[in-house]
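# Provided below are the primary sequence and the corresponding predicted coordinates.
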Amino acid sequence: MKKRLAFTLVEIIVVMAVCSVLFSVSFASLRGFLGQIQLEATTKSLVSDLRKMQSQSRLEHKTLAMDLNGLVLPTGINFAQTSQIKFAPSGATAFGGSGSLVLQNSLGRTKKIIVSSIGRVRVE
């Protein structure tokens, strides 16, 4: 009797099926992970832009507002909620009100950027 040195067709099909299931599960989790990273990066970028606008308002001694209509967001990231954010020359928000922006990725995860009435920018 000779030793068997090859795989049967059934064994190969089973291995391919298991590999395809593992690949599809890992791809779905990778997609969620990348979406979360993109949401975090976009949030950090907007916070940076708000702080830069606040500094510019102080430097130029005038009220500045963020124009969200011209803002280009990465694919899969949208505004779930917005409000007008204006900075007075003092660095506080104009008219003493607070504002917020809520970003949402394609998986429904959100990040909220809040600007308090004294001009503090934070993320929830």
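Okay, I see it.
# and the most centrally placed residue in the chain, helix, strand or coil?
In the chain, the residue lying closest to the centroid (C-alpha atoms, centre = their mean) is Leu39, at 1.1 Å. Here Leu39 takes the helix state, with states given by DSSP: H, G, I helix; E, B strand; the rest coil.
# For the closest residue in space to it that isn't next to it in sequence, give me its contacts.
In space, and not counting its chain neighbours, Leu39 is closest to Asn105: 4.4 Å by C-beta to C-beta, 6 or more residues apart in numbering. In short, each C-beta sits where N, CA and C put it, glycine included. Asn105 is in contact with Gly35, Gln36, Gln38, Leu39, Gly76, Ile77, counting by C-beta atoms under 8 Å, 6 or more residues apart in numbering.
# State the helix or strand in which Ser100 lies.
strand 99-104 (DSSP states H and E).
# Next, the buried residues of the helix or strand following that strand.
Note on strand 99-104: by DSSP H and E, the next helix or strand toward the C-terminus is strand 110-115. Neighbour-count burial for strand 110-115 flags Lys111, Ile113, Ile114, Val115 (criterion: 16 or more other C-beta atoms under 10 Å).
# Okay, and the beta partners of Gly99?
Val115 (DSSP bridges).
# Give me the neighbour count for Leu101.
23 (other C-beta atoms under 10 Å).
# From Ser26, how far off is it?
Leu101 is 33 Å from Ser26, where distance means C-beta to C-beta, to the nearest Å.
# so where do the helices sit in the chain?
Using DSSP state H, the helices found in the chain span residues 9-60.
# So, low pLDDT: which residues of it?
Applying pLDDT under 70 to the chain flags residues 1-2.
# The closest residue in space to Ala41 that isn't next to it in sequence: neighbour count?
Sequence neighbours aside, Pro74 is the residue nearest to Ala41 in space, at 8.0 Å (criterion: C-beta to C-beta, 6+ apart). Pro74 sits with 12 neighbouring residues when counted by other C-beta under 10 Å.
# Surely Pro74 and Ile37 touch.
No. Using C-beta atoms under 8 Å, Pro74 is not in contact with Ile37, being 10.7 Å away.
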